[in-house]
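Visitor: all I have is the shape, not the residue letters:
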Ligand SMILES: NC(=O)c1ccc[n+]([C@@H]2O[C@H](COP(=O)([O-])OP(=O)(O)OC[C@H]3O[C@@H](n4cnc5c(N)ncnc54)[C@H](O)[C@@H]3O)[C@@H](O)[C@H]2O)c1
Ligand SMILES: O=C(O)CC[C@@H](O)C(=O)O
């Protein structure tokens, strides 16, 4: 079976991304081979065909990652947005399907802000029209009289990465800078020496230039219509290098045609790549084809970041820029990562050894971690627990949703300890008092993983590969019988650990085996004398 990971790239990427994916650096190398399909200009029907067996999609703004595409991607596990805005990705559905969405915030901030100022200068100084006229042999010095930026007020909607950089550049031109952003603190306004406006109306009333820097979402779609534009002073200017749809093109066109809005500089449109003809050809409008992020520097940073995000995600690591990973605020440090992996394995064992309907999972961890790390441990635990029992793809992304849909509660407790021995105890409870199982594991010196208990039986076994968990009466000859039986079926034992509650009582054995086991071999094992139960715990 071909186990390679297919990465479909549907937007132009800097070669640094392809180099990183092709020649993975040692610390980021993945075990599977990567089949990279680079189709930066592929039409939608080709993408829809290619997506069927794709595991990772890397895209830019030209690819709509909507429900049709996500549902066609039956094997899709990661959608990597080589940009910041992800309004063109159905993130809700991706979350539902367990698909991780990552992006590259901050990597094109400077480029987008510089383009915004470029549009502003071009607009107020009529540079594109002056260029066309002059290059055609004209010399119309009086026709191109413009307006200075100095002393004018720019009203920024969204004082995030791009917005605050535009504020900084505008101040360099001696503009007054005001901004509207209800989601950030006064401190951010102070830090950016920007005057806060508490309502959009106040901002509109005082701005000579309106510059949009919010993401496109349900709240911001259509936030600026003809009504809002008319709240600006007559003769004001509008800039949109954020997303089409935030300013309604109909409203903008109407106010431009009426001469109410003096001009607009636009990089992003409702209908890309075929924007509204009347808008792009309007004499008072300057347009660019969504090139806010199109600089060598931004594309290098984006390419490098997106390749690293994909490799980290494929290695099962916590990524740096998750879009839909719930509540994970702290990124995986070395220890946290190892404890998370062991937690997942412990939960995977637990999920394979009970015979009741679970209602509560309690995860108790003794380790030198912080409270913020508990969320990652919780997700790892659910992922390990459900991936055995679910046909659905379970990932960090949809783990909590899937668990709560099954009506199972989870509690995570941290006992902060500086010991070099990190301990995990996972208990699973059913709704009846006697329904309980527990699995314990230990991580020694941040390196050595050991499964150390199942219920009251103690062990020290590596949680790797496949394990047979066997319960038997503590009588002579059982180990010999089991050994001969497995040898007869060509099963090699890598490790055998026996634990008993008391002499002559009950015993439990954990047998780590090499290779895969046929289910008939386990059925046969159960028939041996003195055997009470035998189960296979696989996929560790
Ligand atoms: N033209 C381009 O090529 C290009 C390049 C980069 C970014 N962008 C667009 O610009 C947007 C902003 O980028 P960024 O990196 O600054 O993102 P960001 O997340 O750093 O900033 C967005 C800001 O908008 C604010 N905001 C959100 N909803 C708001 C609302 N309803 N009213 C007022 N403020 C609101 C947020 O609080 C945040 O401070 C991106 O979402 C992207 O769509 C376009
Ligand atoms: O170049 C792109 O794909 C879009 C860039 C930009 O709009 C973004 O959202 O970061």
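Guide: Arrived safely, thanks for sending. None of these values were measured; they are calculated from a predicted model. Ligands and ions are numbered 1, 2, ... in the order given.
Visitor: count of neighbours near the nearest residue to residue 81 once chain neighbours are set aside?
Guide: Leaving aside its sequence neighbours, residue 81 sits nearest to residue 103 (CB to CB, 6 or more residues apart in numbering; 4.2 Å). All C-beta atoms are positioned from the backbone trio N, CA, C, and that covers glycine. Neighbour count of residue 103, defined by other CB atoms under 10 Å: 23.
Visitor: quick check: the residue in the stretch 351-500 of the chain that ligand 1 sits nearest to vs residue 313, distance?
Guide: Residue of the stretch 351-500 of the chain nearest ligand 1, by CB to the nearest ligand atom: residue 397 (20.1 Å). Residue 397 is 10 Å from residue 313, where distance means CB to CB, to the nearest Å.
Visitor: just residue 115 next, same as before
Guide: 30 Å.
Visitor: the more surrounded of these two?
Guide: Set residue 115 next to residue 313 and count neighbours by other CB under 10 Å: residue 115 wins out with 25 against 22.
Visitor: confirm that the more buried one sits in a helix.
Guide: Yes - under DSSP: H, G, I helix; E, B strand; the rest coil, residue 115 sits within a helix.
Visitor: that one against residue 241, yeah?
Guide: Yes - in this structure, residue 115 is within contact of residue 241 by CB atoms under 8 Å, at 5.6 Å.
Visitor: which residues do the two both contact?
Guide: Common neighbours of residue 115 and residue 241, using CB atoms under 8 Å, 6 or more residues apart in numbering, are 267, 292.
Visitor: which residue, other than its chain neighbours, is closest to residue 28?
Guide: Spatially, and ignoring its direct neighbours in sequence, residue 28 is nearest to residue 311 (4.3 Å; CB to CB, 6+ apart).
Visitor: what does the stretch 151-300 of the chain put close to ligand 1?
Guide: By CB under 6 Å from any ligand atom, the residues of the stretch 151-300 of the chain that approach ligand 1 are 157-163, 180-184, 213-216, 219-220, 241-243, 267-268, 290, 292-293.
Visitor: show residues contacting stretch 138-150.
Guide: Under the contact criterion CB under 8 Å, 6+ apart, stretch 138-150 has outside partners 120-121, 124-126, 129-130, 133-134, 170, 173-175.
Visitor: about what we covered before: who are the contact partners of the residue nearest to residue 28?
Guide: Contacts for residue 311 (CB under 8 Å, 6+ apart) come out as 20-21, 24, 28-30.
Visitor: also residue 425?
Guide: Under the criterion of CB under 8 Å, 6+ apart, the neighbours of residue 425 are 363-364, 438-440, 453.
Visitor: cool, residue 156 as well?
Guide: Residue 156 is in contact with 163, 166-167, 177-181, 194, 211, 213, counting by CB under 8 Å, 6+ apart.
Visitor: hmm, 6 Å instead?
Guide: Neighbour list for residue 156: 163, 167, 179, 211 [criterion: CB atoms under 6 Å, 6 or more residues apart in numbering].
Visitor: which of the three states applies to the second one?
Guide: Think residue 167. From three-state DSSP, the assignment for residue 167 is helix.
Visitor: per-residue confidence for the residue located most distally from the centre of the chain?
Guide: Farthest-out residue of the chain from its mean C-alpha position, per CA atoms, centre = their mean: residue 476, at 54.6 Å. For residue 476, the pLDDT comes out at 87.
Visitor: how far away from the center of its chain is stretch 17-24?
Guide: Centroid separation for stretch 17-24 versus its chain: 20 Å, with CA atoms, centre = their mean, to the nearest Å.
Visitor: tell me where the stretch 351-500 of the chain has strands.
Guide: In the stretch 351-500 of the chain, the segments counted as strands under DSSP state E, counting those that start in this stretch are 358-367, 409-416, 421-430, 436-444, 448-454, 457-461, 466-473, 493-500.
Visitor: partners of the shortest one, with directions?
Guide: The partner list of strand 457-461 in its sheet, established with DSSP bridges, is strand 448-454 (antiparallel).
Visitor: and the partner strand with strand 436-444, angle?
Guide: 160 degrees (axes from the mean of the first three to the mean of the last three CA atoms, to 10 degrees).
Visitor: let's test this: mean pLDDT of strand 448-454, rounded?
Guide: For strand 448-454, mean pLDDT rounds to 94.
Visitor: and the contacts of that strand?
Guide: Against strand 448-454 from outside (CB under 6 Å, 6+ apart): 342, 439-443, 459-461, 463.
Visitor: of these, buried ones?
Guide: Buried by 16 or more other CB atoms under 10 Å: 342, 439-443, 459, 461, 463, out of these.
Visitor: any idea which of those residues is closest to ligand 2?
Guide: Nearest to ligand 2 among the buried ones among the contacts of strand 448-454, with distances taken as CB to the nearest ligand atom, is residue 342, at 37.2 Å.
Visitor: assign a three-state SS to that closest one, would you?
Guide: When classified by three-state DSSP, residue 342 comes out as helix.
Visitor: what bridges to the residue nearest in space to the middle of the chain?
Guide: The chain has residue 322 as the residue nearest its centroid, 2.8 Å off, counting by CA atoms, centre = their mean. Taking DSSP bridges as the rule, residue 322 bridges to residue 102.
Visitor: next, work out how far apart it and ligand 2 are.
Guide: Separation of residue 322 from ligand 2 (CB to the nearest ligand atom, to the nearest Å): 16 Å.
Visitor: any figure for the gap between that residue and residue 257?
Guide: Separation of residue 322 from residue 257 (CB to CB): 44 Å.
Visitor: picking up where we left off before, what sits in contact with each of residue 397 and residue 313?
Guide: Joint contacts of residue 397 and residue 313 (CB under 6 Å, 6+ apart) are residue 100.
Visitor: and the residue of the chain found nearest ligand 1, its phi and psi?
Guide: Nearest to ligand 1 in the chain, going by CB to the nearest ligand atom, is residue 160, at a distance of 1.7 Å. Main-chain dihedrals, residue 160, degrees, to the nearest 10: phi -90, psi -150.
Visitor: how about it, nearest residue that isn't a chain neighbour?
Guide: residue 213 (6.3 Å).
Visitor: tell me the pLDDT at the one you found?
Guide: pLDDT, residue 213: 97.
Visitor: report the contact partners of it.
Guide: Each residue near residue 213 by CB under 6 Å, 6+ apart is listed here: 158, 162-163, 242.
Visitor: please redo it, this time with the cut-off set to 10 Å
Guide: 109, 112-113, 116, 156-167, 179, 181, 239-243, 246 (CB atoms under 10 Å, 6 or more residues apart in numbering).
Visitor: of these, just the buried ones, ChimeraX syntax please.
Guide: Remark: buried members of the contacts of residue 213, expressed as a ChimeraX selection using 16+ other CB under 10 Å:
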select :109,112,113,116,156,157,158,159,160,161,162,163,164,165,166,167,179,181,239,240,241,242,243,246
